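In: Need a 3D model of the sequence below.
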Amino acid sequence: MSVTIDSDSDGDESPTHYFDALSSERRKKREILSEQGIDPYPSRFDRTATAEELHARHGGLEADVRTGETVRMAGRLTSIRGHGRLSFATLNDVTGSVQLLMQEANLSEQAGAVLAAFDLGDWVGAEGEAITSRREELSVDVKELWLLSKALRPLPDKWHGLTETDTRYRQREVDLLANPESRRVFDIRFRAIAAMRRHMVSEEFIEVETPILQPQAGGALARPFFTHSNALDIDLSLRIAPELYLKRLVVGGYERVFEIARNFRNEGVSTRHSPEFTALEAYRAFGDVTEGMELSEQLVVKAAESAVGRMTFAVGERAIDLTPPWPRRQLLDLLEAAVGHRLHPTDPVEDVRAVCRDRGLDILPEWGSGKLIFELYDALLLPTITDPLFVCGFPVEVSPLARHTSSDPTMADRFELCIDGKEFANGYSELNIPEEQEERFDAMTVAAAKGDLEAHPADLAFVRALEYGLPPTSGIGLGVDRLIMLLAEVEAIRDVILFPMMRPEPTD
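Out: As a prediction, this is how the structure comes out:
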């Protein structure tokens, strides 16, 4: 929906004074209606047709046709033309637009008063006969008008829109009105999420909800947000992932579960990172990492098909093709090609540190060879991947919840889905051996004591759950926001989050 701003100022007034004057004028119009006994904020309006429905019923008619159908429409005014005996306006609702034709002689007394108080951006209701104009435009020949809500602030000019980035994010409601591009992005988001949800249900997964406030945040390597419960007098964390709770549900007998979850990580903000973000996590009993890769591929393809109807995308100057099937490559093989010799988590840590230093990586002294190998992957390999690629096999040191491979206890049966230089999904065969999980938690506790802010806490409730028996299980986590960035062909994560986290507005 695009809107046109009120008449231009004379150029002598400051923008603030100009908009204050416009707002004052609109408030006066509202008061006049109230004095005439017309409620400017009615509690409801019974609409009988949307713009889309009206066009479906009467589209393609010749000029000057009267359908005989009386309709009640509702929406926002986005343009007003003419005055006196004949006026025209454009009414926009969520489905599209329709023209209002208002002949002074045909309007009721109330309708005339409401018309005199019209401003762009007002929410209005209109009743009249569906007709076509002399120019074959489908219209409503209005007999009655209602003001449903007065827009006290003028909306942005349809030609210039709302262009200041900070304001677009803070006032997303106005951004959506002024910028069709923003509506396009979020329409893609909603369609993609709905498609993924449909696919999960078709695969017999049950959608569940797990706690956002947790005694301790687990399920991923990240720094959490902390808060406090006054009622319980305990410190809590905002979840960084729902993983441990979802796996407890598998223990409890729900063999296929998923959650489209809001997660929180108290880390940096960038074009690809947001402290608050959305992920789809899913767990399937009796599967392994192979099923996780298959499900991740299916979800992305279904989202692309439903949201945009194609498999090829252009982000900046990069062309990306999502056409399946996607290749699968071993991390250590890719890294060998990149650095010129084979690396392994069992290598002496000084040898791997030397490789990192040679390539200018910043490293910490407490990192082992497995963590250093992951940092090399993140710095050297990930940025070079454009089309979808499953990178398989990661060090156990950076995979504390994943089962190790059958042939190598230092390597986890884990994948990352990489697209456009980013991690889009992560998954693995779940570790289901209670003693081994407890040992890994203990190692994380030691790392945390040495200053690792991203180390997993020891979740003894989860270990206890594993003691009741977790079957072989496949798990995935898919970053929804990054997927929408790709499908909408935008490069900033805040462009795909309706209300991204921001610093407080400056005050005068």
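In: Okay, and residue 196 sits in which element?
Out: Residue 196 is part of helix 180-202, with elements assigned from DSSP states H and E.
In: Going along the chain from that helix, find the next helix or strand for me.
Out: Using DSSP H and E, the next helix or strand after helix 180-202 towards the C-terminus is strand 206-207.
In: Could I get the average pLDDT for that following strand?
Out: What strand 206-207 shows for mean pLDDT is 98.
In: And stretch 404-418, by the same measure?
Out: Rounded mean pLDDT across stretch 404-418 is 97.
In: cool, stretch 118-134 as well?
Out: Here stretch 118-134 scores 96 as its mean pLDDT.
In: same deal with stretch 341-355?
Out: 98.
In: in stretch 492-500, what's buried?
Out: Neighbour-count burial for stretch 492-500, counted by 16 or more other C-beta atoms under 10 Å, picks out 493-497, 500. (Glycine included, C-beta is placed from N, CA and C.)
In: To clarify, my last question referred to stretch 46-58.
Out: Residues of stretch 46-58 classed as buried by neighbour count (16+ other C-beta under 10 Å): 47, 49-51, 53-55, 58.
In: Considering those residues, which is situated nearest to residue 249?
Out: Ranked by distance to residue 249 (C-beta to C-beta), the buried residues of stretch 46-58 are led by residue 50 at 40.3 Å.
In: Would you enumerate the residues in contact with the closest one?
Out: 73, 93-96 (C-beta atoms under 8 Å, 6 or more residues apart in numbering).
In: Mind telling me the two of those residues farthest from one another?
Out: 73 and 94 (12.2 Å).
In: Of the two, give the one with the bigger neighbour count.
Out: Set side by side, residue 73 and residue 94 show more neighbours around residue 73, with 24 against 11, by other C-beta atoms under 10 Å.
In: who does residue 131 bridge with?
Out: In this entry, residue 131 is beta-bridged to residue 66, residue 139, by DSSP bridges.
In: List of residues touching the helix or strand of the chain with the lowest mean pLDDT?
Out: In the chain, no helix or strand scores lower on mean pLDDT, DSSP states H and E than helix 165-170, which sits at a mean of 83. Helix 165-170 has contacts (C-beta under 8 Å, 6+ apart) with 162, 174-175, 179, 182, 494, 499-500, 502, 505.
In: Can you tell me which of those residues are buried?
Out: Buried by 16+ other C-beta under 10 Å: 162, 174-175, 179, 182, 494, 500, out of the contacts of helix 165-170.
In: Residue 133 reaches residue 139, doesn't it?
Out: Yes. Assessed by C-beta atoms under 8 Å, residue 133 is found in contact with residue 139 at 5.1 Å.
In: List just the nearest of the contacts of residue 50 to residue 126.
Out: For the contacts of residue 50, the residue nearest residue 126 by C-beta to C-beta is residue 73; the value is 5.0 Å.
In: What sits closest to that closest one if chain neighbours are left out?
Out: Excluding the flanking residues, the one nearest residue 73 by C-beta to C-beta, 6 or more residues apart in numbering is residue 126, at 5.0 Å.
In: go on, residue 148?
Out: Spatial nearest neighbour of residue 148, excluding adjacent residues (C-beta to C-beta, 6+ apart): residue 123 at 4.1 Å.
In: Residue 471 now?
Out: By the measure of C-beta to C-beta, 6+ apart, the closest residue to residue 471 outside its immediate chain neighbours is residue 285, 4.7 Å from it.
In: Quickly list what the one you found is bridged to.
Out: Beta-bridge pairing for residue 285 (DSSP bridges): residue 473.
In: quick one, what contacts it?
Out: Going by C-beta under 8 Å, 6+ apart, residue 285 touches 250, 255-256, 471-473.
In: Show me where the chain dips below the pLDDT cut-off.
Out: Across the chain, the ranges flagged by pLDDT under 70 are 1-15, 157-163, 453-456, 507-508.
In: How about the residue of it positioned farthest from its centre, nearest residue that isn't a chain neighbour?
Out: Within the chain, the residue lying farthest from the chain centre (C-alpha atoms, centre = their mean) is residue 105, at 49.1 Å. Of all residues not flanking residue 105 in the chain, residue 85 sits nearest, at 7.2 Å (C-beta to C-beta, 6+ apart).
In: ok so, going back, residues shared between the contacts of residue 133 and residue 139?
Out: 99, 101.
In: So which of these two has more stuff around it?
Out: More crowded of residue 133 and residue 139, by other C-beta under 10 Å: residue 139, with 23 against 15.
In: Compute the distance between the more buried one and residue 356, please.
Out: 69 Å (C-beta to C-beta, to the nearest Å).
In: again, but for residue 82
Out: 71 Å.
In: Stretch 489-504: end-to-end distance?
Out: One end of stretch 489-504 to the other measures 29 Å (C-alpha to C-alpha, to the nearest Å).
In: Domain map for the chain?
Out: As assigned by automatic domain parsing, the chain contains the domains 15-159, 175-326+387-495.
In: what's the neighbour count on residue 270?
Out: For residue 270, the count of nearby residues is 10 (other C-beta under 10 Å).
In: Determine the set of other helices and strands touching the helix holding residue 196.
Out: When contacts are defined as 3 or more C-beta pairs under 8 Å, 6 or more residues apart in numbering; DSSP states H and E, helix 180-202 packs onto helix 172-178, strand 206-207, strand 256-264, strand 276-285, helix 289-307, helix 480-488.
In: And residue 209, its phi and psi?
Out: Phi and psi for residue 209, reported as degrees, to the nearest 10, are phi -130, psi 130.
In: for residue 411, same thing?
Out: phi -120, psi 130.
In: That one bridge partners, please.
Out: residue 395.
In: Looks like it contacts residue 405 (just checking).
Out: Yes. Residue 411 lies in contact with residue 405 (C-beta under 8 Å); the separation is 5.0 Å.
In: picking that back up, got TSV for the contacts of helix 165-170, with distance to residue 314 too?
Out: As requested, the contacts of helix 165-170 are exported to TSV (distance: C-beta to C-beta, whole Å):
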residue	distance to residue 314
162	25
174	28
175	23
179	20
182	19
494	20
499	27
500	24
502	28
505	35
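In: which one of the residues you listed sits closest to residue 29?
Out: Nearest to residue 29, judged by C-beta to C-beta, of the contacts of helix 165-170 is residue 174 at 20.7 Å.
In: So that closest one is in contact with residue 155, correct?
Out: Yes. Here residue 174 reaches residue 155: they are 6.8 Å apart, a contact under C-beta under 8 Å.
In: Do you have the strands of the stretch 1-150 of the chain handy? List them.
Out: 66-83, 86-93, 96-103, 123-132, 138-149 (DSSP state E, counting those that start in this stretch).
In: quick one: buried residues of the first one?
Out: Put plainly, it is strand 66-83. By 16+ other C-beta under 10 Å, the buried positions in strand 66-83 come out as 67, 71-80.
In: what helices or strands is that strand leaning on?
Out: helix 51-58, strand 86-93, strand 96-103, strand 123-132, strand 138-149.
In: want to throw the contacts of residue 50 into TSV with distance to residue 303?
Out: Output for these, formatted as TSV (distance: C-beta to C-beta, whole Å):
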residue	distance to residue 303
73	33
93	27
94	22
95	23
96	25
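In: from memory residue 486 sits against residue 313, does it?
Out: Yes. The pair residue 486 / residue 313 is scored as a contact, 5.8 Å apart, by C-beta under 8 Å.
In: The two: which is more packed in?
Out: Taking other C-beta under 10 Å, residue 486 and residue 313 do not tie; residue 486 has more neighbours (25 against 19).
In: what sits against the more buried one?
Out: 313, 315, 320, 419-420, 424.
In: how about a cut-off of 6 Å?
Out: Contacts for residue 486 were tallied using C-beta atoms under 6 Å, 6 or more residues apart in numbering; they are residue 313.
In: And it, how close does it get to residue 242?
Out: 23 Å.
In: go on, residue 308?
Out: 28 Å.
In: Likewise for residue 350?
Out: 39 Å.
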